[in-house]
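Participant: just to be clear, the model below is a prediction. Sequence and coordinates:
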Amino acid sequence: MSEIRTVPGGMRLGVLCNGEVENYAWLREVADSLDGVVCADGGGNHAFRMGIKPLCVIGDLDSIEPEALRHFGELEVPVKRFPCEKDETDLQLALDEALELGAAEVVLLAATGRRLDHTLGNISVLAELLLKGIPGLIIDEYNEIRVCQKEAVIHGEIGEEVSLLPLTTTVTGVSSANLKYGLKDGEFSLGNPYGISNMLTSTCARVTFDQGLLLVIKARDRCRKATL
């Protein structure tokens, strides 16, 4: 089960990045469950291939294909071009745009791939969203990734694997319910990843903690159809 949840009084918007996509049918299903999609530069190529009309295409536009750009121009999709030499990444520009459009939750799509630096940078963006009070989530064909503070509520199927990793030097006072390897007032620290490969024993698990930021990764079976 996907971690996408309706946020009362606000929109769930996707930001489509330029990462690798193997399964467009699955990605289209996820995108269609959202209230709209903003494309970060080359993310427009994915929207074009899926036949999606985005709310906006934004970035320095060095990655989007000319055919896709022409197509969105014909559809009168707003295109916002920035200089190649800029402080913000295309993703940060797209996130700002999504928030200006009224996003109460942001789902990053095509945000992982072979470029580990880009993947780690995109994960760090989840922490930035969290500090702004905006729920953020990365979904790809294999994982659902969130950054949590104080509490993580994890929905899924019994037997699905969940990993808990500290993003700060320590995460203290960690307690869990409905995970196979339970925790009570535990502590995670960088370099000691014993929170990897836990398992759901119910369709909903809860992890609470006192201090720190926790990276929560739920592994997804690539052959399982997303239930949104």
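Facilitator: Now that the structure is in, tell me what you want to look at.
Participant: which element follows the helix ranked longest in the chain toward the C-terminus?
Facilitator: Longest helix in the chain by number of residues (criterion: DSSP state H): helix 116-131. Sequence-wise, the next helix or strand downstream of helix 116-131 (DSSP states H and E) is strand 136-139.
Participant: which residues are contacting that next one?
Facilitator: Outside strand 136-139, the residues within contact range by CB atoms under 8 Å, 6 or more residues apart in numbering are 2-4, 30, 105-109, 111-112, 122-123, 125-126, 129-130, 144-147. From N, CA and C alone the C-beta is placed, and that goes for glycine too.
Participant: pLDDT (mean, whole number) over the host helix or strand of Val216?
Facilitator: Here Val216 sits within strand 214-219, counting by DSSP H and E. Averaging pLDDT along strand 214-219 yields 94.
Participant: so how far is Val79 from the residue nearest the centre of the chain?
Facilitator: Closest residue to the average C-alpha location of the chain: Ile138 at 1.6 Å, with CA atoms, centre = their mean. Counting by CB to CB, to the nearest Å, the gap from Ile138 to Val79 is 25 Å.
Participant: for Asp32, same thing?
Facilitator: Taking CB to CB, one finds Asp32 at 22 Å from Val79.
Participant: helices along the chain, start to end?
Facilitator: With DSSP H as the criterion, the chain has helices spanning 24-32, 43-50, 66-74, 90-100, 116-131.
Participant: direction included, what does the strand holding Val216 pair up with?
Facilitator: Applying DSSP bridges, strand 214-219 is found paired with strand 143-148 (antiparallel), strand 161-166 (antiparallel).
Participant: got the contact list for it?
Facilitator: Taking CB under 8 Å, 6+ apart as the rule, strand 214-219 contacts 3, 123, 142-149, 152, 154, 156, 160-167, 171, 174, 188, 207.
Participant: can you say which of those residues are buried?
Facilitator: 3, 123, 144-149, 152, 154, 156, 160-167, 171, 174, 188, 207 (16 or more other CB atoms under 10 Å).
Participant: tell me the spacing between the residue of the chain most remote from its centre and Leu61.
Facilitator: In the chain, counting by CA atoms, centre = their mean, Glu74 sits farthest out from the average C-alpha position, at 29.5 Å. Relative to Leu61, Glu74 is positioned 16 Å away (CB to CB).
Participant: TSV please, covering the helices of the chain and showing mean pLDDT and distance to Arg220.
Facilitator: Shown next, in TSV, are the helices of the chain (pLDDT from 0 to 100; distance: least, CB to CB, whole Å):
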stretch	mean pLDDT	distance to Arg220
helix 24-32	93	10
helix 43-50	97	19
helix 66-74	96	28
helix 90-100	94	22
helix 116-131	89	16
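Participant: out of these, which comes closest to Gly195?
Facilitator: With CB to CB as the measure, helix 116-131 is the member of the helices of the chain nearest Gly195 (15.8 Å).
Participant: contact partners of the worst-scoring helix or strand of the chain on mean pLDDT?
Facilitator: The weakest-scoring helix or strand in the chain, judged by mean pLDDT, DSSP states H and E, is helix 116-131 (a mean of 89). Here helix 116-131 makes contact (CB under 8 Å, 6+ apart) with 17, 19, 89, 91-92, 95, 106, 108, 111-113, 135-138, 145-149, 167, 213, 215.
Participant: any idea what the residue nearest to the centre of the chain is bridged to?
Facilitator: Residues in beta-bridge contact with Ile138 (DSSP bridges): Leu108, Ile145.
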